[in-house]
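> here is my input; please provide its structure:
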Amino acid sequence: MQGQSITARIGIDWPIFQAPMAGVSTPAMAAAVSEAGGLGALGIGAATPEQARKMIRATRALTDKPFNINVFCHRPAQADAAIEASWLDRLAPLFARFGAAPPQRLSEIYTSFCVDSAAQQMLLDEAPPVVSFHFGLPDKALIKALKAKGILLMATATSPDEGRAIQAAGIDAVVAQGWEAGGHRGIFDPEAEDPQQSTWDLTVALVAGLDIPVIAAGGLMTGGDIAHALQLGASAAQLGTAFVGSDESQADQGYRDALAAAAEAGTRMTAAISGRSARCLVNGFTSWAEAQGGAQIPDYPIAYDAGKALNAAAKSAGDTGFGAQWAGKGAAGSRPMASGEMLRLLVQEMQAAQGQR
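Here you go, the predicted model:
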């Protein structure tokens, strides 16, 4: 792909990708970004195959431009009744605070794309222009089948080793997810030591070590950030938190209020909400998690079953501080507006920054 830019290959105007953000992004958001010349995206890791199909078709009804569909390739959860019971016991006082009881048992609420044959067939049938993988990679046969449909494939790397594995698997581009990124860390093995490389350091390392395009991601909020990523050799930049507060976002009011207060409160990395490390706005859940020491947390996404139940109980009692309010370290720079307007502003800022060099 050295002779052709990632934007030209996908068929978009600008090297600006909207992060998929499962549970936050919508067909309206993805379409607006794509219509403005960037790459819109939908995260379907939390959706059933039929829900995902409807989301893809709804996006296609709004735009004929390319967009990205993101799936979760995590290791299927390993249930442990003792760990799960202990975790629910720890959460019980929080549920009681909101006049509720914790679930009697927890379940694996999301199926990994790697073992979900219905989701795999749905994507092969729908053949979206771009598909991206998070938490790892599917098997070689599925990668080959998706590519045979003309789909451009991307995958998240949190280290040079993961980047090399992505390239070796025949993936077309790698997303360099720096430590500053909001939401779930894409690390392949959640039990391995996380290198915690910054977005800029990881981008430079992947650009130097790989032959496929690198998309910088993590803490980027402005067109100036995008220009810097390109200067470092990235082929594009991916922004998520910049779109959380957009008009088309599914973020509820509590999430939007927390985002607005991010300059004071900041963000924290925690596994307590879902079972895997993820960067969240500081809220009641992250504060509680910090006091839990080395408590064993159920596997992802089993722990998320408890986290979602707690958030529902808290919201019913008028407390919005127990949600999965994912956001990157740049959250304080959030600028709520329509997604298409944000894309056009980012382009203007990027061009201005490039003109100053």
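
> what sits against residue 210?
163, 164, 167, 174 (Cβ atoms under 8 Å, 6 or more residues apart in numbering). Every C-beta, even on glycine, is put in place using the N, C-alpha and C of the backbone.

> of those residues, closest to residue 13?
Residue 13 lies nearest to residue 174 out of those, by Cβ to Cβ, at 21.8 Å.

> and the host helix or strand of that closest one, what does it pack onto?
Residue 174 belongs to strand 173-177 when assigned by DSSP states H and E. Under the contact definition 3 or more Cβ pairs under 8 Å, 6 or more residues apart in numbering; DSSP states H and E, strand 173-177 sits against strand 152-157, helix 160-168, helix 199-209, strand 214-217.

> recalculate using a threshold of 10 Å.
helix 6-10, strand 130-134, strand 152-157, helix 160-168, helix 199-209, strand 214-217, strand 236-239 (3 or more Cβ pairs under 10 Å, 6 or more residues apart in numbering; DSSP states H and E).

> ok, back up a step: if you rank the contacts of residue 210 by neighbours, which is first?
Highest neighbour count within those: residue 174, with 27 neighbours (other Cβ atoms under 10 Å).

> tell me what that one is bridged to.
residue 155, residue 214 (DSSP bridges).

> ok, now which ones touch it?
With contact set as Cβ atoms under 10 Å, 6 or more residues apart in numbering, residue 174 has these partners: 132, 154-157, 162-167, 202-203, 206-207, 210, 212-215, 235.

> make it 7 Å
154, 155, 157, 163, 166, 167, 206, 210, 212, 214 (Cβ atoms under 7 Å, 6 or more residues apart in numbering).

> residue 301: which of those is nearest?
Once Cβ to Cβ is applied, the member of the contacts of residue 174 that ends up nearest residue 301 is residue 155, at 19.4 Å.

> and residue 260, how far from residue 25?
In this view, residue 260 and residue 25 are 20 Å apart by Cβ to Cβ, to the nearest Å.

> may I ask which two of the contacts of residue 210 are separated the most?
Going by Cβ to Cβ, the pair spanning those furthest: 164 and 174, at 9.4 Å.

> of all the helices and strands packed on strand 173-177, which one is nearest residue 298?
Residue 298 lies closest to strand 130-134 among the helices and strands packed on strand 173-177, at 19.8 Å (Cβ to Cβ).

> which residues touch the next helix or strand after that closest one?
Heading C-terminal from strand 130-134, the first helix or strand you meet, by DSSP H and E, is helix 140-148. Identification of contacts with helix 140-148 by Cβ under 7 Å, 6+ apart yields 120, 123, 124, 131, 153, 169, 170.

> coming back round to it: drop anything exposed from the contacts of residue 174.
The neighbour-count test (16 or more other Cβ atoms under 10 Å) marks 154, 155, 157, 163, 166, 167, 206, 210, 212, 214 as buried among the contacts of residue 174.

> for the third one, which non-adjacent residue is spatially closest?
Distances taken as Cβ to Cβ, 6 or more residues apart in numbering put residue 163 closest to residue 157, at 4.1 Å, once the chain neighbours are dropped.

> any idea how far residue 48 is from residue 54?
According to Cβ to Cβ, residue 48 and residue 54 sit 10 Å apart.

> same check, this time on residue 64
Taking Cβ to Cβ, one finds residue 64 at 18 Å from residue 54.

> likewise residue 203?
Taken as Cβ to Cβ, the span from residue 203 to residue 54 is 35 Å.

> compare these two (neighbour count), which wins?
residue 203 (27 against 13).

> who touches the more buried one in this structure?
Applying Cβ under 7 Å, 6+ apart, we find residue 203 in contact with 176, 214, 216, 229, 232, 234.

> quick check: the two most widely separated of those?
176 and 232 (9.8 Å).

> name the nearest residue to residue 77, sequence neighbours excluded.
Nearest residue to residue 77 in three dimensions, chain neighbours excluded: residue 299, at 4.0 Å (Cβ to Cβ, 6+ apart).

> may I ask which helix or strand encompasses the one you found?
Using DSSP H and E, residue 299 sits in no helix or strand.

> so between residue 176 and residue 232, which is more surrounded?
residue 176 (35 against 16).

> tell me the contacts of that one?
Going by Cβ under 7 Å, 6+ apart, residue 176 touches 157, 199, 202, 203, 206, 214, 215, 216, 217.

> residue 329: which of the buried ones among the contacts of residue 174 is nearest?
Nearest to residue 329, judged by Cβ to Cβ, of those is residue 157 at 18.7 Å.

> got the contact list for the closest one?
By Cβ under 7 Å, 6+ apart, the contact set of residue 157 is 163, 166, 174, 175, 176, 177, 206.

> would you turn those into JSON lines with distance to residue 283 and pLDDT?
Listed next are those as JSON lines, based on distance: Cβ to Cβ, whole Å; pLDDT from 0 to 100:
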{"residue": "163", "distance to residue 283": "32", "pLDDT": "98"}
{"residue": "166", "distance to residue 283": "33", "pLDDT": "98"}
{"residue": "174", "distance to residue 283": "31", "pLDDT": "98"}
{"residue": "175", "distance to residue 283": "26", "pLDDT": "98"}
{"residue": "176", "distance to residue 283": "27", "pLDDT": "98"}
{"residue": "177", "distance to residue 283": "22", "pLDDT": "98"}
{"residue": "206", "distance to residue 283": "32", "pLDDT": "98"}
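
> alright, that wraps it up for me.
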